[in-house]
Every structure is written in structure tokens, then in C-alpha cells.
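> got a sequence here, can you build the structure:
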Amino acid sequence: MSQIKQYIIAGIGTEVGKTVVSSIVTEKLQADYWKPIQAGDLDQSDSIKVEKWVSNTQTHIHPEGVRLNHPMSPHAAADLENRRIHLSDLNLPESSNDLIVELAGGILVPINHQITNLDLIKKIKLPVILVVNFYLGSINHTLLSIECLKSHQVKIEGLIFNGEINEASKEVILEMSGCKNLGEVPPIQGEITSEIVHEYGKYIQL
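I've put the predicted structure just below:
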């Protein structure tokens with residue numbers, strides 16, 4: 001019997017392609033998917049996108065833990081609604097299947113005025129896959145994210161590089177972090193479809 005694979009997918013920042021990568025990994029593993037916090041775009045949420053992009057019949061999309069109306073940091077979006085998010089609001093869904101948990105933003109994005117995504121990671125205790133893409137400053141953001149996770153004894157499963165590869169940046173990130181390269185997802189030209197998401201599973205090693 002194969003071992004259950006459950007991971008948190010986090011980014012080195014926003015707009016690094018976490019949801020696309022989460023879809024590809026979810027499809028490849030035929031895993032369940034859960035987004036603990038959705039901030040904004042409730043009619044086109046990440047859960048809706050993943051459900052649209054995966055095509056296997058095993059995946060179950062679990063309801064988000066918290067849904068906020070405004071596309072901003074969860075603590076600020078919650079403030080606008082006179083709400084306060086607590087860790088007790090964010091409980092890992094029960095599943096006997098493989099499971100992908102997609103965070104809202106990067107490691108230290110505030111959930112409220114006292115806690116961040118790191119506290120949620122430490123609560124649910126799943127290994128982290130970090131999504132990296134390349135831009136000016138991405139080496140620094142990647143190594144800082146890795147250092148933060150390591151300093152809190154969080155297991156890092158590895159890195160997935162998304163988009164155009166900068167070989168020099170990739171090489172130094174892997175060399176200095178010692179993290180495993182789990183795959184390199186090429187840029188997707190045009191509309192993202194379930195066929196592309198299924199096909200791109202070949203670029204991920206899990």
C-alpha cells in the first residue's frame with residue numbers, strides 16, 4: 001500500500017504560480033485540495049480554478065477554512081470585515097487521500113495581527129513544497145523563506161521552479177539551500193486547461 005502524500009504548497013511571494021503548481025501536483029497525485037484562507041476573488045477562487053483544471057475523478061476540493069471579500073493580506077481583509085481569524089478556524093480536513101494545502105501568499109503573511117502562515121504550517125505539521133519563480137530579488141526571497149522554515153524545524157519537501165528558468169539563480173538557490181529540486185514547470189502559453197495541467201505532471205517528481 002502506497003504511503004499517503006500530504007503537502008503544504010507555499011510561495012516565495014504572491015503571483016508566483018502557486019495555484020497552477022497546486023493544480024498540477026493535485027492532478028498528478030489525484031490528491032484532495034484545500035485552501036485554508038481565500039482572500040478576494042470569491043467568484044473565481046483558487047479552489048474553483050483547481051476544480052476546473054483537474055480532470056481525475058479522485059480529487060475532492062474541500063471548502064475553504066475562511067473566505068474573505070477583499071484581495072489583500074488576510075489580516076487586513078479580515079479587519080475590513082470586522083473579523084479576526086484564529087488558528088482554531090483553520091483545521092486540516094479529514095482525508096484518507098493524498099492532500100494538497102495551498103497557502104494564501106508567502107510564509108510570513110499575517111493571518112491576524114499576532115500570527116502568520118508560519119503558525120498555520122506549524123499547526124498542521126505537513127512538509128512544505130516551496131514554489132519559486134524568477135525575478136530580480138527572487139534568490140533573496142527564496143533563501144529567506146527557506147531559512148525561516150528551517151529555523152522553525154519545518155520539513156521542506158523541496159522546491160518547484162515555475163516559469164522561465166534562470167539557470168544561474170536556480171543553481172545558487174539549490175547549492176546554498178541544499179533543498180531538493182522537485183521539478184521545473186515550463187511557462188504555459190495561452191489559456192490554462194485541464195489537458196495542460198494533466199500533461200505538466202510529467203515535470204514534477206513526487
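> distance from the biggest helix by length in the chain to the middle of the chain?
Counting by DSSP state H, the longest helix found in the chain is helix 138-151. Remark: helix 138-151 is offset 15 Å from the chain centroid, using Cα atoms, centre = their mean, to the nearest Å.
> same question for stretch 199-206.
Computed by Cα atoms, centre = their mean, the separation of stretch 199-206 from the middle of its chain amounts to 16 Å.
> dump that stretch to CSV, keeping only the CA atoms.
Provided in CSV are the C-alpha atoms of stretch 199-206 (Å, rounded to 0.1, in the frame of the first residue of the first chain):
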residue,chain,number,x,y,z
GLU,A,199,0.3,16.8,-19.1
TYR,A,200,2.5,19.0,-17.0
GLY,A,201,2.6,16.4,-14.2
LYS,A,202,5.5,14.9,-16.1
TYR,A,203,7.6,17.8,-15.0
ILE,A,204,7.1,17.1,-11.2
GLN,A,205,8.9,14.4,-9.3
LEU,A,206,6.9,13.4,-6.2
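> any buried residues in it, and which?
Along stretch 199-206, these residues count as buried under the neighbour rule (16 or more other Cβ atoms under 10 Å): Y200, G201, Y203, I204, L206. (C-beta placed from N, C-alpha, C; glycine too.)
> which one of these is nearest to K49?
Y200 (14.6 Å; Cβ to Cβ).
> can you redo the buried residues of stretch 199-206 as JSON lines, where the extra columns are secondary structure?
Formatted as JSON lines, the buried residues of stretch 199-206 follow (DSSP: H, G, I helix; E, B strand; the rest coil):
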{"residue": "Y200", "secondary structure": "helix"}
{"residue": "G201", "secondary structure": "helix"}
{"residue": "Y203", "secondary structure": "helix"}
{"residue": "I204", "secondary structure": "strand"}
{"residue": "L206", "secondary structure": "coil"}
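> quick one on the thing from earlier: following the longest helix of the chain, which helix or strand comes up?
strand 156-162 (DSSP states H and E).
> identify the farthest-apart pair in the buried residues of stretch 199-206.
Farthest apart among those - using Cβ to Cβ - are Y200 and L206, which lie 12.8 Å from each other.
> gap between L90 and W34?
10 Å (Cβ to Cβ, to the nearest Å).
> ugh, wrong one, I188
When I188 is compared with W34 (using Cβ to Cβ), they lie 23 Å apart.
> more neighbours: the two, which one.
For the pair I188 and W34, the greater number of neighbours falls to W34 (26 against 16), based on other Cβ atoms under 10 Å.
> many thanks, we can stop here.
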